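**Q** Okay, sequence plus prediction incoming.
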Amino acid sequence: MSNGGRFDAAVIGAGPAGSVAALVLARAGAKVALVDKATFPRDKACGDLIGPRGVALLDDLGVLPEGLRLGPMDVVGPTGRVVRLPAPAGRTYPGYAIAVSRRRLDAGLRDAALEAGAEGVTARATSPLWAHAPGSAGRHLAGFRLETRSAQPRDLQADVVIGADGALSRVAASCGLVDDGSVLWGFALRGYADEGPRRPRLAFWEPAPWAGYPGYAWEFPGEGGAANMGIGAARRGSRRFAARIPADLEAYRISRSAATPLEGQLGGWLKIGMVGTTPARGRTLLIGDAAGLVNPLQGEGIGPAVQSAQLAAEAVLAAGPEGAAARYVQGLDRRFGSFASQTAPVAALMLRRPRLTAAAGRLLTAPGVGRALAGAWALYWNDLVDGAAPGLWPAEAALVTRLGAAATASTADHRWIRRTLAAPSCPGDPVGEQARAYDRPASGHTEPPARAEGGR
């Protein structure tokens with residue numbers, strides 16, 4: 001790291017969200033540090049799909065990587081019936097997603113940020129640094145102590161700190177921006193098969209064979225003919241939750257007649273729907289997984305992550321260090337507020353009532369019902385109603401949105417970013433200090449490790 005004084009912004013975490021935030025800031029002339037503990041390229045647990053909104057945003061920024069374009073998706077209900085969800089192009093997004101490995105995506109976005117002028121720092125952010133704003137009695141996060149294996153620790157100070165350091169964010173924990181007991185936690189594990197389906201495939205399952213927790217399995221076509229195969233599930237209360245996932249993924253692989261064991265298995269925690277997370281306070285902003293920006297219905301993370309990154313960077317540029325947090329929260333509310341307020345309670349209900357979830361899956365994939373609702377389902381499920389092209393499907397999806405808004409109107413005085421649900425998904429402190437990121441090969445682990453691994 002150079003000795004050029006403090007930075008305008010320190011971005012902790014160089015995944016898609018962190019790199020896009022650094023890119024937008026650096027292009028505007030800001031002095032930005034982009035910090036990550038990893039040496040790139042590196043792998044990450046992910047389905048490797050960039051959704052239509054993410055594709056549009058990265059294309060607008062001129063950093064969209066080449067990848068396999070994927071359109072309609074096959075959804076398999078608990079009974080085995082298949083519904084094909086269309087992928088209509090909207091007014092503001094294309095009619096396809098892009099499959100690209102996280103190794104290539106993350107390294108490419110980070111390189112783009114560095115080429116724009118951001119300073120890359122390979123180090124772990126450990127101890128927070130605090131400062132008092134002029135004329136204020138309070139203090140704010142002003143940076144982090146950085147540690148590497150080969151050099152003495154040094155301090156990184158910035159006017160604004162942007163936390164892009166994942167679901168187990170050290171930035172969020174340092175500033176008290178997350179209530180672990182209220183978060184809707186999920187876990188996902190993926191590996192690579194030699195071959196897979198021609199189109200994306202997502203399967204719901206009955207709760208009984210899968211130990212009573214709701215979730216889904218996926219197979220996404222990928223680069224070089226390989227397939228990304230994985231399982232995502234919401235967590236109930238047991239600390240042994242993550243330990244069961246590798247066996248479940250192996251069972252799904254066998255059920256799909258995959259000939260060889262999956263390669264490169266990686267897993268990771270998810271914070272869903274921003275429940276239990278405050279995305280900004282003072283001079284600290286959270287983006288991507290750190291803010292809990294995972295779609296509560298289908299688990300998409302990359303698209304919401306890069307959208308939040310752009311909103312955060314633009315808030316810093318427009319409102320400065322003191323006003324960025326308020327402006328950012330307003331932007332998040334406009335973009336994600338209605339959808340999150342409607343769908344996070346649905347995710348919580350699914351968590352508490354897995355048999356009800358299975359019944360809903362059977363209904364949605366029942367003969368006639370699935371085909372009739374497929375277009376509206378695809379738009380609403382993927383948070384694509386806003387910006388959809390005119391037609392019957394958007395009208396149906398918009399009706400669902402209005403009904404959802406009416407159903408959640410009684411909670412309008414409780415902002416969605418601070419919502420506390422009646423039945424938290426994980427009593428106590430499920431992840432913060434009792435389990436760390438599972439971004440490592442799945443074999444050999446019987447339960448989540450005992451302590452959180454923070455920092456990027």
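**A** Cool, got the structure.

**Q** what packs against the host helix or strand of residue 190?
**A** Using DSSP states H and E, residue 190 sits in strand 184-193. The contact analysis (3 or more Cβ pairs under 8 Å, 6 or more residues apart in numbering; DSSP states H and E) places strand 184-193 against strand 227-234, helix 241-255, strand 263-272, helix 338-352. Where C-beta positions appear, they are placed from N, C-alpha and C, glycine not excepted.

**Q** Point out the most buried one among these.
**A** strand 227-234 (a mean of 26; mean count of other Cβ atoms under 10 Å).

**Q** partner strands of it, parallel or antiparallel?
**A** strand 184-193 (antiparallel), strand 215-221 (antiparallel) (DSSP bridges).

**Q** Let's see it as PDB, backbone CA atoms only.
**A** The C-alpha coordinates for strand 227-234 follow below in PDB (Å, rounded to 0.1, in the frame of the first residue of the first chain):
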ATOM      1  CA  ALA A 227     -22.300 -27.800 -14.900                       C
ATOM      2  CA  ASN A 228     -22.500 -25.900 -11.700                       C
ATOM      3  CA  MET A 229     -24.500 -28.200  -9.300                       C
ATOM      4  CA  GLY A 230     -25.400 -27.100  -5.800                       C
ATOM      5  CA  ILE A 231     -27.900 -27.000  -2.900                       C
ATOM      6  CA  GLY A 232     -29.100 -23.900  -1.100                       C
ATOM      7  CA  ALA A 233     -31.200 -24.100   2.100                       C
ATOM      8  CA  ALA A 234     -32.500 -21.900   4.800                       C
END
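
**Q** how many neighbours does the nearest residue to residue 114 once chain neighbours are set aside have?
**A** Spatially, and ignoring its direct neighbours in sequence, residue 114 is nearest to residue 120 (5.1 Å; Cβ to Cβ, 6 or more residues apart in numbering). Per other Cβ atoms under 10 Å, the neighbour tally for residue 120 reads 18.

**Q** what sits against residue 120?
**A** 14, 34, 36, 110, 113, 114 (Cβ atoms under 8 Å, 6 or more residues apart in numbering).

**Q** How far does the strand or helix carrying it sit from its chain's centre?
**A** Using DSSP H and E, residue 120 falls within strand 119-122. In terms of Cα atoms, centre = their mean, to the nearest Å, the gap separating the centre of strand 119-122 from the centre of its chain is 23 Å.

**Q** and the next element down the chain from it?
**A** Trace forward from strand 119-122 with DSSP H and E and the next one is strand 124-132.

**Q** can you redo the helices and strands packed on strand 184-193 as JSON lines with mean pLDDT?
**A** Listed next are the helices and strands packed on strand 184-193 as JSON lines, based on pLDDT from 0 to 100:
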{"stretch": "strand 227-234", "mean pLDDT": "89"}
{"stretch": "helix 241-255", "mean pLDDT": "83"}
{"stretch": "strand 263-272", "mean pLDDT": "93"}
{"stretch": "helix 338-352", "mean pLDDT": "85"}
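
**Q** okay if I get the ones you listed as a markdown table plus distance to residue 202?
**A** What follows is those, written out as a markdown table (distance: least, Cβ to Cβ, whole Å):
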| stretch | distance to residue 202 |
| --- | --- |
| strand 227-234 | 9 |
| helix 241-255 | 12 |
| strand 263-272 | 16 |
| helix 338-352 | 15 |
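
**Q** any weak-confidence spans in this structure?
**A** For the chain, applying pLDDT under 70 flags the ranges 1-5, 135-137, 205-214, 235-242, 406-456.

**Q** for the residue nearest the centre of it, what are its contacts?
**A** Geometric centre of the chain, nearest residue: residue 301, 3.0 Å, by Cα atoms, centre = their mean. Counting by Cβ under 8 Å, 6+ apart, residue 301 touches 46, 270, 288, 289, 293, 294, 295.
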